[in-house]
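J.: Sequence plus predicted model, see below.
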Number of protein chains: 4
Amino acid sequence: MTLSQGRHYLAIPGPSVMPDEVLQAMHRPAPNIYEGDLVETTHTIAQDLKWVARTVGHVAMYISNGHGAWEASLANMAQPGEKVLVVANGRFGQGWGEMAREMGIETEVLDFGMSAPADPARIEEALRADTERRIKAVLACHVDTSSSVRNDVPALRAAIDAAGHPALLAIDCIASLACDRYEMDAWGADVTLAASQKGLMTPPGMAFIWFNDRAAGARTRPLSRYWDWAPRANPEYYYQHFGGTAPTHHLFGLRAALDMLKSEGLEQVWTRHETLASAYWAAIETWSQGGPMRINVSERAARSRAITSVHLPDGQGERLRLWCSENLGVTLGIGLGREPREDWFRIGHMGHVNAHMVMGVVGVLEAGLRALGIPHGEGAGDAAAQALAEPAQALSRAAE
Amino acid sequence: MTLSQGRHYLAIPGPSVMPDEVLQAMHRPAPNIYEGDLVETTHTIAQDLKWVARTVGHVAMYISNGHGAWEASLANMAQPGEKVLVVANGRFGQGWGEMAREMGIETEVLDFGMSAPADPARIEEALRADTERRIKAVLACHVDTSSSVRNDVPALRAAIDAAGHPALLAIDCIASLACDRYEMDAWGADVTLAASQKGLMTPPGMAFIWFNDRAAGARTRPLSRYWDWAPRANPEYYYQHFGGTAPTHHLFGLRAALDMLKSEGLEQVWTRHETLASAYWAAIETWSQGGPMRINVSERAARSRAITSVHLPDGQGERLRLWCSENLGVTLGIGLGREPREDWFRIGHMGHVNAHMVMGVVGVLEAGLRALGIPHGEGAGDAAAQALAEPAQALSRAAE
Amino acid sequence: MTLSQGRHYLAIPGPSVMPDEVLQAMHRPAPNIYEGDLVETTHTIAQDLKWVARTVGHVAMYISNGHGAWEASLANMAQPGEKVLVVANGRFGQGWGEMAREMGIETEVLDFGMSAPADPARIEEALRADTERRIKAVLACHVDTSSSVRNDVPALRAAIDAAGHPALLAIDCIASLACDRYEMDAWGADVTLAASQKGLMTPPGMAFIWFNDRAAGARTRPLSRYWDWAPRANPEYYYQHFGGTAPTHHLFGLRAALDMLKSEGLEQVWTRHETLASAYWAAIETWSQGGPMRINVSERAARSRAITSVHLPDGQGERLRLWCSENLGVTLGIGLGREPREDWFRIGHMGHVNAHMVMGVVGVLEAGLRALGIPHGEGAGDAAAQALAEPAQALSRAAE
Amino acid sequence: MTLSQGRHYLAIPGPSVMPDEVLQAMHRPAPNIYEGDLVETTHTIAQDLKWVARTVGHVAMYISNGHGAWEASLANMAQPGEKVLVVANGRFGQGWGEMAREMGIETEVLDFGMSAPADPARIEEALRADTERRIKAVLACHVDTSSSVRNDVPALRAAIDAAGHPALLAIDCIASLACDRYEMDAWGADVTLAASQKGLMTPPGMAFIWFNDRAAGARTRPLSRYWDWAPRANPEYYYQHFGGTAPTHHLFGLRAALDMLKSEGLEQVWTRHETLASAYWAAIETWSQGGPMRINVSERAARSRAITSVHLPDGQGERLRLWCSENLGVTLGIGLGREPREDWFRIGHMGHVNAHMVMGVVGVLEAGLRALGIPHGEGAGDAAAQALAEPAQALSRAAE
């Protein structure tokens, strides 16, 4: 018997909360896949996906998860025997590199640990050392979901340019797109990856690659028709958008999600995530003042606005997480890529998320800390509320 | 531009939040209304409705709202020219009495204001004075939705018995059923009323009357086939359950809602509401210590476990309510039956509600108070969390 | 094991098939009932309901089924002790009269059997005989669902006028609205009744009464607040639309249904029903040529365009109906108001119905007749197809 | 203005009609992807997928469409530079071969045209000629969706065995699984492919590969982690089932679809498809007697039970198809892989399909032929009904 028998809140770092509009749009009969609504809808989705990533380049849509997008990006950027430079700030950066190696691509991994962003100087140095220009691409996560570290993409671009190296800059925005500010063209990314189930608020099952003309030109035809981004981005026939049957229901869901983002406005979406993240930070920093809880990433600029990784030692992290899930109606994300895993948990605050959802998690964690007798500073609820009050008031004023 | 673009929480005193299970169950083709699933489902619903009200008596189901149930109960309990005694603790008690008068039934109204429960002594006195036994029924709200006052039903029963009066005791449980503890048979209620959209977590459109054998015997055949409870409770043909076509989709939704209640357990449902209400009380009492906010009902035993009416003078109540709705993702209930209305708001915490939803409202109100510069005591979030932590821990322990 | 494991078609005379758009619109969180979308939606529904009934009069919406609308109409048209003239062509006409008697209203019933429309001369005669003008209203079904007989409403009006009688003309369009042509104002009906679950394609749970100024003026204030049409049609406060809590989810469903009707066009809706009905008639008349099956109503003009009652003696009707339901994926309506019931079945072809659905039923009945060895004429499928081909071709040509 | 304003029937060869149960199951909040329901559900799905394919082997699930399954199967069966033997009876067989070539795999294509099944003797001959054993696999569609030709899988197995060749037998059952009888183990297939959107009645977005121990042993580790079937079939960690994030909503939909299949029984599912197909054949053969319409595949045993490709020359095929779609509520499949395309159409009768749906299409085509003045034999509806009546009666008798 518990206090959890209401609308459960899944606050993990993806899949995020699916809006009713998205689920409704997916609850429909199968459409004709050769003509009509679906074809029109697909075209508008492609346009609006470019709007979300702030690019005038190309976009390829895949029926796959984010790992599929990793493989697809590699298949188009490098042949077996060629090389990529991997920027790692957590498990997902490492995973992208592992995938490259399984595809026969050589990797050089720059590991920046799990609590700090990449140091552009080391990237520049590595590229300068590649005098034979064997490195075809620099792979980096905008945000690594496992650590909640956020990299400075323009700084990565600057490092490549400073080295005068032709490598493509490929950015994994799976955890950040439509949450953290991201401007593909202005920031100089050549390739961008994302998936449906985070900031895009649609069930897992689709992934996306945006690429600019430079990346299109650098492409060596992959030994895979499925991953080849060229026909998907610029198809002659409709079915080539998806290299076969279209993901009909996902497309209608995604259309609804994009409508919501467009209606809110991209700058507004980013500000909302920024503000809500700051409420979590205020709460956790308050708890930190009277106990062992810590935010993983100390530098504010290097923190994801969509995920917060939290350290709570002696297995208390997992204990608190489980207790809130079973008793209070919130499921937080498990630690990933850390040892011991039980000392970490992660809060997802991406996509369809508002002040009520965030303040509820702060309140639930407060109740959990008290119920489990975990030492912590007082007043986290007030601190989080204060973090929302001022910007919310400002936003509200601006709207008048 | 706001912080509200997530799952909006409608925290009004009904309709309450509809569980996904209920909405899913209603998203289905029309069923045959003469045989099959629907007929079986209706039978199990009737049984389980008795379980919810803790009675072995009869239950009549209506396609109507709660006001329909008022009219139905009156049609079966009193003829034009007869009399009822109305116990009022707010607008809904008054409304039931007004409806009686429009039906030509004489009323005697005992008004206990909007912040205190009924005084049984006055009821006993009124009944004793009715030496001609013209009063056919005593009408009382278990909880009046407008004021959040909760009456002591066994005490009402005792008052009637002490007066030795044959009047039926009719209780409006529209706002309390499946939230506040209610035991129709043990407490001596003869007639009970409820509707679908509050503790029963189903969209508005159905209402219910339970009646015991004594009430069945006292019934004078009403000048209405639609409201007549006899064929509905004990139909010869299926269609008589609803005096015509059954409310097919509501029935499937209600079945899902009853399944959830049965799976949780009625005692557990009551304890959950009790505990969650105590978190709101703790928060508001904390705010009260540093500002003008007050809970309407001061006596704990007389407070609804499903609604809390709050006073915040100088129009600040409505201002806060609107601000939270527009900016933070929570819609609270407006003041009802108070002047000026803008000095009041009401929080619904009925039905499908858990710790996360409640703590989120506490956090949102804290942010709103700060954003609007309304004076208030500090630490409401901590106080509410403390109110949950101890019982939740106890519940959790008991479950092991 | 059967051939029925696909999308089952419920072809009963209501509830009809609910469009996906309607069910989707109902699959949504509870709305605020005091402001916002719901309030706007309700206003547009009231307007469009008048459009459907072709009236500039008033419309009252009820949370009830069709029987509730009967009671509501009576409550506003006649007091206990007053009188109504009941035109009966089946069980539902009779039922409306029974309801009047239970409300203490005197009835004079003109019974025209179950296979023919009302004879206006008998109505005129009855009204002329009412020299004291005790008859307050003439009650008639436009179509009686039990018999599928359709009355000639303008002829009823003419009969009343010819008698120079002030009685209101009240028409039950529950089974015909948005199926058969109906023009309330042009045809001189004073009061019209309908419900949500037939031509309006929304689950059972709402009913409607339209009334003109003459009926409004004739109203004697009813001894019921729930049925009183005045505040519902012209409310001061929103809640008065429904005499209490609004049927939130039904309203959103009904809005979607009205959108579909408006998009198709009312004349087109009527023509579609007319044409589809003619396909059923062609099929049954073909079967009739070689066996005992008969359409109940022989005169074409007197046949409903939404229901067809069919006679198949010796219990073969029910046997065929059950066999198709269990084995072939179609559920037809049972006989109603006939003895023996097993010699009759009814086909619903109302609301969300197209050529495929109708031709499928024709094919299924053909298979059933063959499987059960029931004698019947050959070529019903061809005859039904021919009935569709010519008008469909014409419609198609007109659209070019 | 048309006769199509009802429940539209999409009778294309996939995506097929999604049952309400499947769409309902997908209309739910995102689940936790690390523990709980989803994990349990995935395990039962894997088991039941083996039941559907009648194998005790392994099954790998992919987030992809059917073309993805082609690529996945090839990636596990052959390296670049190795060879496969392609059995083609239409565009999809050819397409699988093209995909192999794009992956650097050499192909030998045996083309059997588009109206006849594969001749096992030619396969045996080709394998005997491969004295160096360079052919790693024989690829064949059980049913080619473009032509509706069905191959005799046991005969293919026998041909390979007769040649004494070690090549794997890989069967594309995308269009046939859970429609046509298929027994992977008993028939000696080593590898089987399918996708979610046909007999499995779930939206496009998942594909499946079953493989036996022999195929598992023959696998050369592919240069792709995404397509590698080994970790998907036998994962150490849950996420390996899908090589990353699970397709959460599809899994719940697929679970519902499998429940329906299990409840009906696999033999019953096959018999239902066989019987319904025979009704289409009877109708078309009747039309053929008086006009130019022809079933593509003349030999009954070589006809798909899930798709029927139909020839109607002089562009009348497409004209009829469009007319039925716009006017009568049925959308048929376009011709695929034929010239001129406008002389062909295809009827999908796969998955969630029953007698009503089929007979409705027969009736609609009859109406279309008449409306467009296309010559055709009379009595198709009667012939189709007769084809259903006898088996349906037998089935019904057997169930008693």
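T.: In hand now; what should we look at? Predicted, not measured: the structure shown is a model, and the values here were computed from it. Numbering: from 1, shown residues only, chains lettered A, B, ... in the order given.
J.: Only C-alpha atoms from now on, for both contacts and neighbour counts.
T.: OK.
J.: gap between A:H43 and chain D?
T.: Taken as C-alpha to the nearest C-alpha, to the nearest Å, the spacing of A:H43 relative to chain D amounts to 18 Å.
J.: Let's verify that residue: helix, strand, or coil?
T.: Under the three-state scheme (DSSP: H, G, I helix; E, B strand; the rest coil), the conformation of A:H43 reads as helix.
J.: and A:E35, how many neighbours?
T.: A count of neighbours around A:E35, defined by other C-alpha atoms under 10 Å in any protein chain shown, yields 10.
J.: for it, helix, strand, or coil?
T.: Secondary structure of A:E35, per three-state DSSP, is coil.
J.: pLDDT score for it?
T.: Per-residue confidence for A:E35 comes out at a pLDDT of 86.
J.: so what's it up against?
T.: Residues near A:E35 by C-alpha atoms under 8 Å, 6 or more residues apart in numbering or on different chains: none.
J.: ditto for the one 4 residues further on
T.: Each residue near A:V39 by C-alpha under 8 Å, 6+ apart is listed here: A:33, A:238.
J.: switch to 6 Å and redo it
T.: A:V39 makes contact with no residue under the criterion C-alpha atoms under 6 Å, 6 or more residues apart in numbering or on different chains.
J.: Find the helix or strand that it is a member of.
T.: Assessed by DSSP states H and E, A:V39 sits inside helix A:37-53.
J.: Direction included, what does the following helix or strand past that helix pair up with?
T.: Past helix A:37-53, further along toward the C-terminus, the next helix or strand under DSSP H and E is strand A:58-63. Partner strands for strand A:58-63, per DSSP bridges, with pairing direction: strand A:206-211 (antiparallel).
J.: Report the next helix or strand after the partner strand in sequence order.
T.: Counting by DSSP H and E, what follows strand A:206-211 is helix A:213-218.
J.: Neighbours of whichever residue of the stretch 201-350 of chain A sits closest to chain D, how many?
T.: Taking C-alpha to the nearest C-alpha as the measure, the stretch 201-350 of chain A has A:L223 as its residue closest to chain D, at 4.6 Å. As a burial measure, the neighbour count of A:L223 was computed by other C-alpha under 10 Å and equals 21.
J.: That one contacts D:I105, doesn't it?
T.: No - under the criterion of C-alpha atoms under 6 Å, A:L223 is not in contact with D:I105, lying 9.7 Å apart.
J.: Would you mind measuring from the residue nearest to the residue of the stretch 201-350 of chain A closest to chain D when sequence neighbours are not counted to D:W96?
T.: Distances taken as C-alpha to C-alpha, 6 or more residues apart in numbering or on different chains put D:M103 closest to A:L223, at 4.6 Å, once the chain neighbours are dropped. From D:M103 over to D:W96 the distance is 11 Å, taken as C-alpha to C-alpha, to the nearest Å.
J.: go on, A:G348?
T.: As defined by C-alpha to C-alpha, A:G348 lies at a distance of 41 Å from D:W96.
J.: Looking at these two, which one has more neighbours?
T.: Comparing A:G348 with D:W96 by other C-alpha under 10 Å, the one with more neighbours is A:G348, at 29 against 23.
J.: Relative to chain C, how far out is the more buried one?
T.: Distance, A:G348 to chain C, using C-alpha to the nearest C-alpha: 23 Å.
J.: Quick check: bridge partners of that residue?
T.: As for beta bridges, A:G348 partners with A:I307 under DSSP bridges.
J.: Where is the longest helix in chain A?
T.: Across chain A, the longest stretch assigned as helix under DSSP state H is helix A:266-288.
J.: Could you tell me the angle between that helix and helix A:37-53?
T.: With axes from the mean of the first three to the mean of the last three C-alpha atoms, to 10 degrees as the basis, helix A:266-288 and helix A:37-53 are set at 60 degrees to each other.
J.: Show me which residues of chain A sit near chain D.
T.: Where chain A comes near chain D, counting by C-alpha under 6 Å from any C-alpha of the partner chain, the residues are A:23, A:27, A:63-65, A:67, A:103, A:204-205, A:223-224, A:244-245, A:247.
J.: Ramachandran angles for A:L193?
T.: Torsion angles at A:L193 (phi, psi; degrees, to the nearest 10) stand at phi -120, psi 140.
J.: wait, it sits on A:C173?
T.: Yes - with contact defined as C-alpha under 6 Å, A:L193 reaches A:C173; the gap is 5.5 Å.
J.: on that earlier part again, now for the residue nearest to A:L223, how many residues are close by?
T.: The burial metric for D:M103, expressed as a neighbour count using other C-alpha under 10 Å, is 21.
J.: secondary structure element for A:A371?
T.: Element membership for A:A371 (DSSP H and E) is helix A:355-372.
J.: Say whether chain B is contacted by that helix.
T.: Yes - using C-alpha under 6 Å from any C-alpha, a contact is recorded between helix A:355-372 and chain B, made by A:355-356, A:359-360, A:363-364, A:366-367, A:370-371.
J.: hmm, who's touching that helix?
T.: Counting contacts by C-alpha under 6 Å, 6+ apart, the residues outside helix A:355-372 that touch it are B:3, B:328-329, B:356, B:359-360, B:363-364, B:385, B:389, B:393.
J.: quick one, the helix or strand following it and helix B:355-372 angle?
T.: Secondary structure here is assigned by DSSP H and E; on that basis, the next helix or strand after helix A:355-372 toward the C-terminus is helix A:380-399. With the same axes, to 10 degrees as the criterion, the two stretches helix A:380-399 and helix B:355-372 enclose an angle of 60 degrees.
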